[in-house]
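Enquirer: need a 3D model of the sequence below.
(one chain, ligands or ions: 1)
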Amino acid sequence: MSLHGKRILLIIGGGIAAYKSLDLIRRLKERGAEVRPIMTSAAEQFVTPLAVGALSASHVYTDLFSREDEQDVGHIRLARDCDLIVIAPATADLMAKMAHGLANDLASAVLLARDRPVLVAPAMNPRMWENPATARNVEQLTGDGIRFIGPMRGEMAESGEAGLGRMAEPLEIVAAVEAVFTPQHRPLAGRTAIVTSGPTHEPIDPVRYIANRSSGKQGHAIAAALARLGAEVTLVSGPVALRDPDCVHVVHVERAEEMRDAVLAHLPADIAVMVAAVADWRVASSAEQKIKKQPGEGPPVLQLTENPDILATVGHHANRPRLVVGFAAETQNVSANGRAKLERKGADLIVANDVSPETGIMGGEKNSVRLISRQGEENWPELSKAEVAERLAEKIAAMLG
Ligand SMILES: Cc1cc2nc3c(=O)[nH]c(=O)nc-3n(C[C@H](O)[C@H](O)[C@H](O)COP(=O)(O)O)c2cc1C
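Expert: Next up, the predicted model:
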């Protein structure tokens with residue numbers, strides 16, 4: 001496949017496999033790609049900017065605080081003026097920084113500022129790869145929609161060790177780059193989807209609010225998975241500590257009423273997946289000023305009122321999407337409650353899960369769900385939230401035919 005005209009931002013990390021990045025540049029350029037390299041300062045210990053610059057026929061960017069580079073393109077434009085970011089070799093350190101949103105050098109700042117897809121080719125000692133910290137970072141990055149090629153099993157360049165940790169060969173990385181640009185399995189192309197995610201915050205006064213433990217991880221992963229299958233996705237997100245998924249239009253809201261308004265403003269749509277943990281109640285009239293503790297007076301009494309039921313509103317709306325999926329977070333009678341919810345809310349599918357504290361699902365990385373529809377029930381094994389999202393997106397595509 002030709003990569004003609006494709007602009008690749010290649011980040012070279014400080015690993016022994018950096019020498020292979022020289023060959024990678026050649027292979028990408030042979031196929032017509034433009035390669036703009038960034039080297040970490042550790043990478044410069046392994047290969048020289050002179051060699052990288054000569055092979056790529058491009059300026060090599062190394063310093064976040066370079067006045068000339070910042071005036072020339074600047075780190076934000078570097079992050080955006082490309083079609084794909086490839087990290088090869090990706091060190092354990094770079095992946096950790098990316099997973100945690102650090103931005104203290106050019107490579108990590110660019111990665112934090114990006115809105116382009118990223119392909120990571122890890123390379124490290126097998127012990128570093130197997131370390132639970134690295135495993136957690138990989139899981140996080142996968143959930144964030146980052147693609148991986150490798151690592152491969154084999155002999156390490158140094159120390160005679162063998163195992164999982166070798167960087168993929170340059171031609172394998174090129175194939176993964178080509179795959180990113182190859183029209184993919186996109187059964188939802190031409191479909192529109194609305195996804196809600198995260199908790200809502202219901203104000204008590206200007207500084208206090210009622211919230212819940214939802215992290216938004218599952219909803220965000222579903223929005224990203226639907227987008228990968230080709231859907232045009234609007235994600236209406238409550239307050240979460242997650243980055244916006246790539247290739248998804250995100251509307252940020254706080255309260256349930258704002259979430260409902262944002263969802264209704266995006267109808268009609270083909271698909272609605274209501275994952276957010278919307279507060280059932282809000283304070284009937286939240287105070288305009290901070291409620292003060294008055295000596296001698298007891299605690300304030302909060303009068304609660306019901307919040308809009310967004311799933312039911314969408315499920316019974318005149319512009320009802322063809323497929324309405326709701327989530328049911330239950331702590332008991334998961335099946336019966338899920339089935340009742342399916343009927344009451346006018347949904348086609350309920351994804352029910354047991355969020356009792358001992359399951360660790362709320363806020364955690366894993367999910368164990370039961371799919372309830374009028375056709376029957378399906379129990380899925382415990383999966384990562386990213387895997388649940390992938391499977392659910394495929395299921396939605398199949399249901400829409
Ligand atoms: C000889 C040598 C080889 C190294 N190889 C690797 C490697 O293959 N993978 C890795 O993650 N770190 C490796 N390191 C450690 C990284 O260079 C170090 O973590 C560095 O801070 C990474 O910086 P960077 O992520 O900014 O490139 C190596 C260090 C040395 C001294």
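
Enquirer: poorly predicted segments of the stretch 1-150 of the chain, please.
Expert: Low-confidence segments of the stretch 1-150 of the chain (pLDDT under 70): 1.

Enquirer: can you do 80?
Expert: The model of the stretch 1-150 of the chain has pLDDT under 80 over residues 1, 69-74.

Enquirer: can you give me the strands for it?
Expert: Assigned by DSSP state E, counting those that start in this stretch, the stretch 1-150 of the chain shows strands spanning 7-12, 34-39, 84-90, 118-122, 147-148.

Enquirer: in its sheet, what does the next helix or strand after the last one sit against?
Expert: Looking back up the chat, that one is strand 147-148. Going down the chain from strand 147-148, the next helix or strand is strand 152-155, by DSSP states H and E. According to DSSP bridges, strand 152-155 forms sheet pairs with strand 162-166 (antiparallel).

Enquirer: pretty sure residue 303 is touching residue 286, no?
Expert: No: taking contacts as Cβ atoms under 8 Å, residue 303 lies outside contact range of residue 286: 10.4 Å. Just so you know, the C-beta spots here come from the backbone N, C-alpha and C atoms, and that holds for glycine as well.

Enquirer: higher neighbour count, these two?
Expert: More crowded of residue 303 and residue 286, by other Cβ atoms under 10 Å: residue 286, with 17 against 9.

Enquirer: relative to residue 203, how far out is that one?
Expert: Applying Cβ to Cβ, to the nearest Å, the value for residue 286 to residue 203 is 4 Å.

Enquirer: from memory residue 165 sits against residue 157, does it?
Expert: No: the criterion here is Cβ under 8 Å, and residue 165 misses it with residue 157 at 10.2 Å.

Enquirer: how about the one residue in the stretch 201-350 of the chain that gets nearest to the ligand: what's its closest non-neighbour residue?
Expert: Here the stretch 201-350 of the chain gets closest to the ligand at one residue, residue 243, 19.9 Å apart by Cβ to the nearest ligand atom. In this structure, residue 243 finds its nearest non-sequential neighbour in residue 144, 6.6 Å apart by Cβ to Cβ, 6 or more residues apart in numbering.

Enquirer: that neighbour: neighbour count?
Expert: Residues lying near residue 144 (other Cβ under 10 Å) number 19.

Enquirer: do residue 160 as well
Expert: 7.

Enquirer: now swap in the one 4 residues further on and tell me
Expert: Around residue 164 sit 14 other residues, with neighbours defined as other Cβ under 10 Å.

Enquirer: look up how far the ligand lies from it.
Expert: Look at residue 164 and the ligand: by Cβ to the nearest ligand atom, to the nearest Å, they are 13 Å apart.

Enquirer: any low-confidence regions in the stretch 301-401 of the chain?
Expert: Applying pLDDT under 80 to the stretch 301-401 of the chain flags residues 331, 355-366.

Enquirer: what does it put close to the ligand?
Expert: By the rule Cβ under 6 Å from any ligand atom, no part of the stretch 301-401 of the chain lies against the ligand.

Enquirer: can you report phi and psi for residue 373?
Expert: Torsion angles at residue 373 (phi, psi; degrees, to the nearest 10) stand at phi -130, psi 180.

Enquirer: my guess is it meets residue 348, correct?
Expert: Yes: Residue 373 is within contact range of residue 348, at 6.4 Å (criterion: Cβ under 8 Å).

Enquirer: what's the overlap in contacts for the two?
Expert: Taking Cβ atoms under 8 Å, 6 or more residues apart in numbering as the contact criterion, the common neighbours of residue 373 and residue 348 are residue 342.

Enquirer: who has more neighbours out of these two?
Expert: A count of neighbours by other Cβ under 10 Å puts residue 348 above the other of residue 373 and residue 348, at 20 against 17.

Enquirer: shouldn't that one be in contact with residue 371?
Expert: No: taking contacts as Cβ under 8 Å, residue 348 lies outside contact range of residue 371: 10.7 Å.

Enquirer: near the ligand, which residues of the chain? Just list them.
Expert: Checking the chain against the ligand by Cβ under 6 Å from any ligand atom, the hits are 13-17, 40, 42-43, 91-94, 123-124, 128.

Enquirer: give me the neighbour count for residue 388.
Expert: Here the number of neighbours of residue 388 (other Cβ under 10 Å) works out to 23.
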